[in-house]
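Participant: got a sequence here, can you model it:
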Amino acid sequence: MEPSTRSRRVIRVLLVVTAALLAAYAVGLFLPGGPSFAVDVLLSISTQWAAVLVFAAVAVATRFRRIEVVLATLAVAFSAFGDTYYALAADSDGYLPSPSPADAGYLLFYPFMVAAILVLAHRHHRGYGTKPQSNRRRLSSSVPSFAVTS
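Facilitator: Presented below is the predicted three-dimensional model:
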């Protein structure tokens, strides 16, 4: 299912906002004066949640029919939650007792993202095998997958 023109426009705007926040964050890291709340917390967290909004917009645009998109959205949201909790709950030295809710967010990222990748790999692999030359195509598509996982 293809996203509508309006959905594509929203996704593009969110991507531009995310890129602008990321650029501002990167510039802010090099500003003189050391760490600042505006850069290290506000821009950092804003950039992560903007990325979550991009994933969520894609999930909505595909009407939640692409399970890999939903799983990846959840993974990125859990990671952003973990970072947000850590940034807001840590003391002035950056210490947060462990385990904490931030750890749950960080740990939940992995199973959801791995599940999204497995769904994509399954769909990609399932798409081959209907033509006589499919073995060559299957092999050539497997090589990049192995490279990525190495």
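Participant: which stretches of this protein have low pLDDT?
Facilitator: Within the chain, the segments meeting pLDDT under 70 span 1-3, 128-150.
Participant: switch to 80 and redo it
Facilitator: Counting by pLDDT under 80, the chain contains low-confidence residues at 1-3, 34-35, 126-150.
Participant: that one: helices as residue ranges?
Facilitator: With helices called from DSSP state H, the chain shows them at 5-29, 37, 44-61, 67-89, 101-126, 134-149.
Participant: quick one: closest of those helices to Tyr95.
Facilitator: helix 67-89 (10.0 Å; Cβ to Cβ). Every C-beta, even on glycine, is put in place using the N, C-alpha and C of the backbone.
Participant: what angle sits between the closest one and helix 101-126?
Facilitator: 160 degrees (axes from the mean of the first three to the mean of the last three Cα atoms, to 10 degrees).
Participant: buried ones in helix 67-89, by neighbour count?
Facilitator: 68-87 (16 or more other Cβ atoms under 10 Å).
Participant: repeat for stretch 97-111
Facilitator: 102, 105-106, 108-109.
Participant: would you format these as CSV with distance to Thr5 included?
Facilitator: Shown next, in CSV, are the buried residues of stretch 97-111 (distance: Cβ to Cβ, whole Å):
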residue, distance to Thr5
Ala102, 39
Gly105, 34
Tyr106, 37
Leu108, 34
Phe109, 32
